[in-house]
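K.L.:
Have a look; sequence and predicted model below, questions after that.
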Amino acid sequence: VALMRFRAAERYMHEQNQKGFYEEMLRGLWGYMGDKLNIPAADLTKESIRENLTRKGVEQEDVERYVAIISDCEYAQYAPSVSGRMEEAYLAGVDIVSRLEGVIGR
């Protein structure tokens, strides 16, 4: 599901649709964690992500990077002055999910 969200985000990025891009990135990032860690949406917070990833043996640097990407996307979603960073956010999101999949995807 996260992959579909990232593909949609990529389309929005190419269309320069910042609102759609960040909505899909956030849905992909939050949804991936909810699905992968079996956390109900109501309990899905940055802190629950930190706790669960740490418990799964993910390196602290990657845990903080994941949470930072979510925070950056949340900020950029409502800050029109940050428009040139969609590609950076997209590549960072895809990269961290791939890295986490290598650890918790097993």
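P.N.:
The structure has been received and is ready for your questions.
K.L.:
what sits against the closest residue in space to Gln77 that isn't next to it in sequence?
P.N.:
Excluding the flanking residues, the one nearest Gln77 by Cβ to Cβ, 6 or more residues apart in numbering is Tyr22, at 3.9 Å. To be clear about C-beta, it is placed using only N, CA and C from the backbone, and glycine gets the same treatment. Contacts for Tyr22 (Cβ atoms under 8 Å, 6 or more residues apart in numbering) come out as Ala9, Cys73, Glu74, Ala76, Gln77, Met86, Ala89.
K.L.:
Give the other helices and strands that the helix or strand that contains the third one contacts.
P.N.:
Per DSSP states H and E: Glu74 is located in helix 60-77. Using 3 or more Cβ pairs under 8 Å, 6 or more residues apart in numbering; DSSP states H and E as the contact definition, the elements that helix 60-77 packs against are helix 18-37, helix 46-55, helix 86-104.
K.L.:
Got a PyMOL select line for the buried ones in the contacts of Tyr22?
P.N.:
In PyMOL, this line selects whichever of those come out buried by 16 or more other Cβ atoms under 10 Å:
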select buried, resi 9+73+76+77+86+89
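K.L.:
Need the contacts of Tyr22 in TSV (columns: pLDDT and distance to Val103).
P.N.:
Output for the contacts of Tyr22, formatted as TSV (pLDDT from 0 to 100; distance: Cβ to Cβ, whole Å):
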residue	pLDDT	distance to Val103
Ala9	96	23
Cys73	93	22
Glu74	92	24
Ala76	88	26
Gln77	85	28
Met86	91	27
Ala89	93	22
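K.L.:
Tell me the one of the contacts of Tyr22 nearest Leu26?
P.N.:
Ranking the contacts of Tyr22 by separation from Leu26, with Cβ to Cβ as the measure, puts Cys73 on top at 5.2 Å.
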